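Undergrad: Okay, sequence plus prediction incoming.
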Amino acid sequence: MALEYISEDTALDGEVHFLVPGDFYVKQVLCYPRSDCSEYSERIKPLLDDGFIYFLETGTSVIGIRVLGKGYSAIVVAAKNTKYGLGALKILRIDSRRSSLLWEVEVMKRAQISGLVPRLYTYRDFYIFQELISPRICKPFSVVLEKLVLNGDVRGVKRVLVDALKSLFKLDVSGIDHTELNRPGGHMFYCEGDRVVVIDWESAKISPRPVNLTSFISYIVFRFKYRVELGELLNWSIERILSALRNYKLTYSNIEFENILSALGLN
């Protein structure tokens, strides 16, 4: 029988499932999308050896269980570790076309210079354990920006956009392309302390021409729900913005990045 977990962050309330043989939830997670698998014992033992105590069933319902997230290659659950505490545990799906998650780990390590990557705790080929992005202190970036725009908070709009763009510029310079920031949706968060965090790095790649910055700007200029109101707040000239982006993609230089901030009305 699972125990109930009550958190200061009510979004993380859920049921505790200890890593013991026979627990239905643990088996569902480790064998997802199956209910049972031959890999089960091969996975639960190293997790126990690495200090994992329990999985916390919380989040969105998927085939009868609650999880933090589900992708084509992995499933994510909240988990408690003796050394690192509560975090987000990403488990390779049994039916994934990927052989391991080690490439994602490598990309995350290389991208850490940007400050966008959740803290990486520990990993193996079939799992990544990382910082849990708390819904209490981290909100989807688009939601934060929407609220500031609707309130006419020019100073707040400038602050969050500059924070995001500076980090995305560092990510470009690192040579890592996240590949999914043209629609940041559930990938990009704005947290307390003016921190921007990006999750889901499984599709990221090393590239000599990354487009993190330009993709995100394309989103806020052309697809953001309140792009017109945002443009009016910052007195945008679309042609000037597009020209700055074209020049930036030629050099990825500090000078061209500053020109983008100027074109967007952010400096």
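TA: Good, I have the coordinates. Remember, predicted model here, so these are calculated numbers, not experimental data.

Undergrad: Where do the helices of the stretch 1-150 of the chain begin and end?
TA: Per DSSP state H, counting those that start in this stretch, the stretch 1-150 of the chain carries helices over the ranges 24-31, 40-49, 102-111, 141-150.

Undergrad: What distance do you get for residue 73 to residue 104?
TA: 8 Å (Cβ to Cβ, to the nearest Å). Glycine gets a C-beta too; all of them are placed from N, C-alpha and C.

Undergrad: from the helices of the stretch 1-150 of the chain, which stretch is densest packed?
TA: Burial of the helices of the stretch 1-150 of the chain is given as mean neighbour count (mean count of other Cβ atoms under 10 Å); helix 24-31 ranks first at a mean of 21.

Undergrad: Show me what that helix is packed against.
TA: If you count contacts as 3 or more Cβ pairs under 8 Å, 6 or more residues apart in numbering; DSSP states H and E, helix 24-31 packs onto strand 14-18, helix 40-49, strand 52-57, strand 65-67.

Undergrad: Provide the contact partners of the third one at residue level.
TA: Same thing as strand 52-57. The contact list for strand 52-57 (Cβ atoms under 8 Å, 6 or more residues apart in numbering) reads 2, 5, 12, 14-19, 25-26, 29, 65-67, 77-82, 86, 89, 129.

Undergrad: quick one on the thing from earlier: overlap in contacts, residue 73 and residue 104.
TA: Each of residue 202 lies in contact with both residue 73 and residue 104 under the rule Cβ under 8 Å, 6+ apart.

Undergrad: give me every residue that touches the residue nearest the centre of the chain.
TA: Using Cα atoms, centre = their mean, the residue of the chain that lies closest to the mean C-alpha position is residue 199, 1.3 Å off. Residues near residue 199 by Cβ under 8 Å, 6+ apart: 118, 133, 186-187, 189.

Undergrad: Buried ones in stretch 64-81, by neighbour count?
TA: Buried positions in stretch 64-81, judged by neighbour count with 16 or more other Cβ atoms under 10 Å: 65-70, 73-81.

Undergrad: do stretch 257-267 as well
TA: Neighbour-count burial for stretch 257-267, counted by 16+ other Cβ under 10 Å, picks out 257, 259-261, 263-265.

Undergrad: Ok, stretch 223-239 next?
TA: Buried residues in stretch 223-239, counting neighbours by 16+ other Cβ under 10 Å, are found at 224, 226, 230-231, 233-234, 236.

Undergrad: Residue 55: how many residues sit nearby?
TA: Applying other Cβ atoms under 10 Å, we find 28 residues neighbouring residue 55.
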